[in-house]
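J.: All I have is the shape, not the residue letters:
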């Protein structure tokens, strides 16, 4: 299972309707997470590294669009407080 991190332009952001998605915020911390549904999120602020049990990791921050696949188990390490728009499904 792969975490996809990409840069998108304003046109793509509007096409996806990102500004209407819910917002999630979390301070500097570390925690385990398992995705029961696919999540797409757009990072508004902050920086994090997410590592999977097999040792793969993805680092992302402000301006990144990140997709987490359904069934993914991982460990979040938030380096700088994160604020993101997100959508499941």
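T.: Nice, thanks for sending it over. In this text, all values refer to a predicted model and were calculated from it rather than measured experimentally.
J.: Distance-wise, check the closest residue to residue 84 other than its chain neighbours relative to residue 19.
T.: Nearest non-adjacent residue to residue 84, counting by Cβ to Cβ, 6 or more residues apart in numbering: residue 41, 4.6 Å away. Any C-beta I mention is one placed from the backbone N, CA and C, and that applies to glycine too. Distance of residue 41 to residue 19, given as Cβ to Cβ, to the nearest Å: 13 Å.
J.: List the contacts of the residue nearest to residue 84.
T.: Contacts for residue 41 (Cβ atoms under 8 Å, 6 or more residues apart in numbering) come out as 21, 24, 65, 66, 68, 84, 85, 86, 87.
J.: Need the residue in the chain that's farthest from the chain's center.
T.: Distance to the chain centre peaks in the chain at residue 11, reaching 19.8 Å (criterion: Cα atoms, centre = their mean).
J.: Strands of this structure, start to end?
T.: Listed in chain order, the strands found in the chain under DSSP state E are 4-7, 22-26, 29-34, 39-51, 57-61, 64-68, 73-88.
J.: Give the bridge partners for the nearest residue to residue 57 once chain neighbours are set aside, please.
T.: Nearest residue to residue 57, sequence neighbours excluded (Cβ to Cβ, 6+ apart): residue 51, at 4.2 Å. Residue 51 forms beta bridges with residue 57, residue 75, as assigned by DSSP bridges.
J.: do you know how far residue 51 is from residue 15?
T.: From residue 51 to residue 15 the distance is 31 Å (Cβ to Cβ).
J.: and the two? which has more neighbours close in?
T.: Neighbours per residue (other Cβ atoms under 10 Å) separate residue 51 from residue 15, with residue 51 holding more: 16 against 10.
J.: so who does that one touch?
T.: Contact analysis of residue 51 by Cβ under 8 Å, 6+ apart lists 57, 74, 75, 77.
J.: Roughly how far does the third one sit from residue 84?
T.: Counting by Cβ to Cβ, the gap between residue 75 and residue 84 amounts to 17 Å.
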